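Novice: Provided below are the primary sequence and the corresponding predicted coordinates.
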Amino acid sequence: MKDDVELTREDRVANLKGMGCARKRVEDARFTQGKGNYIDDINLPGMLHGDFVRSPYAHAKVLSINTEAAMALDGVIAVLTAKDLEPLSLHWMPTLAGDKQMVLADGKVLFQGQEVAFVVATDRYIAADAVELVEVEYEDLPVITDPFEALKSDIVLREDLAGQTSGAHGPRKHHNHIFTWEVGDEEATNQVMDEAEVVAEETMYYHRTHPCPLETCGSVASMDKVNGKLTVYGTFQAPHVVRTVASLLSGIEEHNIRVISPDIGGGFGNKVGVYPGYVCSIVASIVTGVPVKWVEDRMENLMSTAFARDYWMKGRISATKDGKITGLHCHVTADHGAFDACADPTKFPAGFMSVCTGSYDIPVAYLGVDGVYTNKAPGGVSYRCSFRVTEAVYFIERMIEVLAIELNMDAAELRRINFIGKDQFPYQSALGWEYDSGDYHTAWDKALKAVDYEGLRREQSERVTAFKQGETRSLMGIGLAFFTEIVGAGPVKNCDILGMGMFDSCEIRIHPTGSAIARLGTISQGQGHATTFAQILASEIGIPADSITIEEGDTDTAPYGLGTYGSRSTPVAGAATAMAGRKIRAKAQMIAAYLLEVHDDDVEFDVDRFVVKGAPERFKTMAEVAYAAYNQAIPGIEPGLEAVSYYDPPNMTYPFGAYVCVMDIDVDTGVPTIRRFYALDDCGTRINPMVIEGQIHGGLTEALAVALGQEIAYDDMGNVKTGTLMDFFLPTAWEVPNYETDHTVTPSPHHPIGAKGVGESPHVGGVPCFSNAVMDAFRAFGLRHSNMPHDHWRIWQTAQDLGLHK
Amino acid sequence: MPEKLHIKLNVNGKSEEFLAEPRELLIHTLRERLRVTGPHIGCDSSHCGACTVTLNGKSVKSCTMFIGQANGAEITTIEGLGTPDALHVLQESFREHHGLQCGFCTPGMITRAAKLLEENPSPSEEEVRFGMAGNICRCTGYQNIVKSILAAASEMNAAKEAAE
Ligand code: FES
Ligand code: FES
């Protein structure tokens, strides 16, 4: 199949639509035409609907559950309670964090919205009616929603753990204490602080929030009793892990379980965890022998499945008089709610919080984290970030600002003089990470120049003067953030989830006519894997991306992988894709050499073909090689052209970026207006600039939400105050600005294609940037710190406290 | 059990007739009864717009309308806007300008945007942002959605001019 018209090399590269190309997405056709296949679109013959009876109390004894009236309702098939699950040992389940969680209330409830009974009926309306008919008698208990109070209280929240002085992560200091996790050298850090010329201290609360993807969580379980096969469809960010857990819990052999993640309507961390609804739909299907669907509504989603953050962070940072940082001390009180259902790699109970030294060369540091139980929903997950990196970056980017205030220094300059230098990479951080690559000064200078930073500061001080003279009621804030992320978990030696090493995988089959299918252990939730992974492969094997199908999410066909979260798809599965592609290329090269009747070493790969060295007119295209692989007997070479790669990354990747936000604040209403937002990202090698830009816009918007109003708030009784989209802030097109995006490219030295991952960077860097902008507006009036979320009321309150109202 | 209502609807040009409890929500009629699954459920409290359809010429959030209220209505969903061989300009434009990621909001977004451009064929960026504020997207940050809609508007206007 020689090309009819001789194409230039450039044309051949363009035809591939490989790496670096702003290729349009292949997923879009079905989504724009309403033909997506999301969990609630799955409708199996005879399918029943499950719905939960949930606790109205945050802490109560369950005295009795009467299901008679519910069972009597026409169309109700079953009502499951903990008693029904107990014989199967499924009334409790293990959490990803080494704790256990009630599937259905076992004698007591520990948070509002907790699952108490599971009703199964022939349609969702009957199920909802039956939920109302289940009579539960509660005896309410004192409620604790504050982690500091929890650590002092005599009230035992988790009676099931009574007497256990040690948990999954070491000793427990109190009956409501979960773990202490320490990194770094506290003694040395304290000594540096004692001797320092300047020490700045601050306590900040990173409020509880929720990833809130537009699609809620759900599952459809189908037990085929004839063949002994269980199929589970669900909103799973890690389908293979779900299969393994389902097998361990149910006793059904893993080969008899098939887990399928269909199209997922956004995840952002919400769909990493294992939830009681999944377990109940499976049990209900096993009990009834027909498929059972469970899909939570929005209120259930906000109240029960996952939360993020809820970290009380206390910091001390020391420096010389001229601003060189000498040490960092951080202590976190982490509110994990009723069960420790954190989704972190096993050895990291506070995720990668220890990347909190940020982008700065800090010689000595210490981090201590205490996990605590309260009467709030269990979690927490990483909301669009790699395991608590958002918390870490927020912490250090606030400490830098506070130190700048203490030193009376410009915060941009303070960052610059403390950045890790380009020649210091690979850089060993004081808290044990090896940063792979970076060029922070270049990125920072580019960002400051792009926004005319000095001009902005001049304008700001003019505004302050005008304000003081009564000429304006508006202040101007300049938000700065420089972040370093740590993504792509992770080396198997350090990172596992429930014992599964965090590698990832890709399997490729080349078809005889020169097209291909590749299957991966990850699962897209909107990131566009079907588009971008085909681009990686196109560049590696010379088959056009348009001729490559990418398939994910079916555990019967995809190789084992640990799923998509923590920006790990490109760093890990992307690497596996490149490596599997290289295996294909190696075999193809031998076939090409045979066809060209030369030695293997005498051919070389060039874009889409193998060329005889020194004789470019003699070549075989990849398509010709593929055909030969299936139709010709080649001595010493097996027929076919397939490869699989399991990739265990040698290190994580460290994307970074420089963000600037310019904000005007109406002092009298507390309304902030974002005038400008500039985002420079360095995610290493760029696979698809269009997709990258889309990820940045989305992540920044989620950051805006968290910084400026989004919160899961509780009252003292443990009632969720923000359980609907009326109270839980999701920005609309009206509140969101246009963003300016920019980039530098510092490839990862250890990744096969140098890519670092990007989906979460804008969230990680965006939150401190928006938040710093708000606080910077008030710096001239003496504000040091105020907690997020900076909604209109809190901003107004800040102005009020500073005496800025007439 | 309350008495069932005799319902007649026209959905995407097709007549439908059935008996339903008055409390049945229009979104469930569409998705479960008629298997028109383009419109999605994101909140069931009228906030997210994932369930947006056009009903008697108006954008309506079908999660907050009882089937009894929709009796006799003419309804268009994303499935009725274009066909695989003849896509609506907005369907092309969202793809061209990367106006979607997970796609969950997309049917509601495009259905609403189509109505918006009928009401106002040459909107400013501000008018698009305001006119789309009933539809939430968690993935895109809206920038490319706005771009997609503005591009579709110019394309539709250019096509109209050419035809005149
Ligand atoms: S589902 Fe109708 S507005 Fe959200
Ligand atoms: S594309 Fe995911 S919610 Fe809009």
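Specialist: Arrived safely. Ligands and ions are numbered 1, 2, ... in the order given.
Novice: Spell out which residues belonging to chain A are near ligand 2, please.
Specialist: With the criterion set to Cβ under 6 Å from any ligand atom, chain A comes near ligand 2 through A:214, A:266, A:526. Any C-beta I mention is one placed from the backbone N, CA and C, and that applies to glycine too.
Novice: So which of those is the closest to chain B?
Specialist: Of all these, chain B sits closest to residue A:526, with 3.0 Å by Cβ to the nearest Cβ.
Novice: quick one: that closest one and residue A:549, what's the gap?
Specialist: Residue A:526 sits at a distance of 19 Å from residue A:549 (criterion: Cβ to Cβ, to the nearest Å).
Novice: Need the residues of chain A next to ligand 2 in a markdown table (columns: secondary structure, neighbour count and distance to residue A:73).
Specialist: Listed next are the residues of chain A next to ligand 2 as a markdown table, based on DSSP: H, G, I helix; E, B strand; the rest coil; neighbours: other Cβ atoms under 10 Å in any protein chain shown; distance: Cβ to Cβ, whole Å:
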| residue | secondary structure | neighbour count | distance to residue A:73 |
| --- | --- | --- | --- |
| A:214 | coil | 26 | 32 |
| A:266 | coil | 26 | 35 |
| A:526 | coil | 28 | 39 |
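Novice: Residue A:740: which of those residues is nearest?
Specialist: Comparing the residues of chain A next to ligand 2 against residue A:740 with Cβ to Cβ places residue A:526 closest, at 22.7 Å.
Novice: Run a quick check on the closest one versus residue B:139, I expect a contact.
Specialist: Yes - Residue A:526 is within contact range of residue B:139, at 4.9 Å (criterion: Cβ atoms under 8 Å).
Novice: Quick check: neighbours shared by the two?
Specialist: A:266, B:101-102 (Cβ atoms under 8 Å, 6 or more residues apart in numbering or on different chains).
Novice: okay, those in TSV with distance to residue A:711 next?
Specialist: Listed next are the shared contacts of residue A:526 and residue B:139 as TSV, based on distance: Cβ to Cβ, whole Å:
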residue	distance to residue A:711
A:266	19
B:101	24
B:102	23
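Novice: between these, which is closest to residue A:577?
Specialist: Closest to residue A:577, out of all of the shared contacts of residue A:526 and residue B:139 and judged by Cβ to Cβ, is residue B:101, at 20.3 Å.
Novice: where in the chain is pLDDT low?
Specialist: Just going to use chain A. For chain A, residues meeting the criterion pLDDT under 70 lie at A:1-5, A:566-567.
Novice: That was the other one, I meant chain B.
Specialist: Using pLDDT under 70, chain B drops low at B:1-2.
Novice: give me the residue from it nearest chain A.
Specialist: Counting by Cβ to the nearest Cβ, chain B gets nearest chain A through residue B:38, at 2.4 Å.
Novice: The residue lying closest to that residue once chain neighbours are set aside is in what secondary structure piece?
Specialist: In space, and not counting its chain neighbours, residue B:38 is closest to residue A:34: 2.4 Å by Cβ to Cβ, 6 or more residues apart in numbering or on different chains. For residue A:34, there is no enclosing helix or strand under DSSP states H and E.
Novice: and residue A:34, what does it touch?
Specialist: Counting by Cβ under 8 Å, 6+ apart, residue A:34 has contacts B:36-39, B:77-79, B:107.
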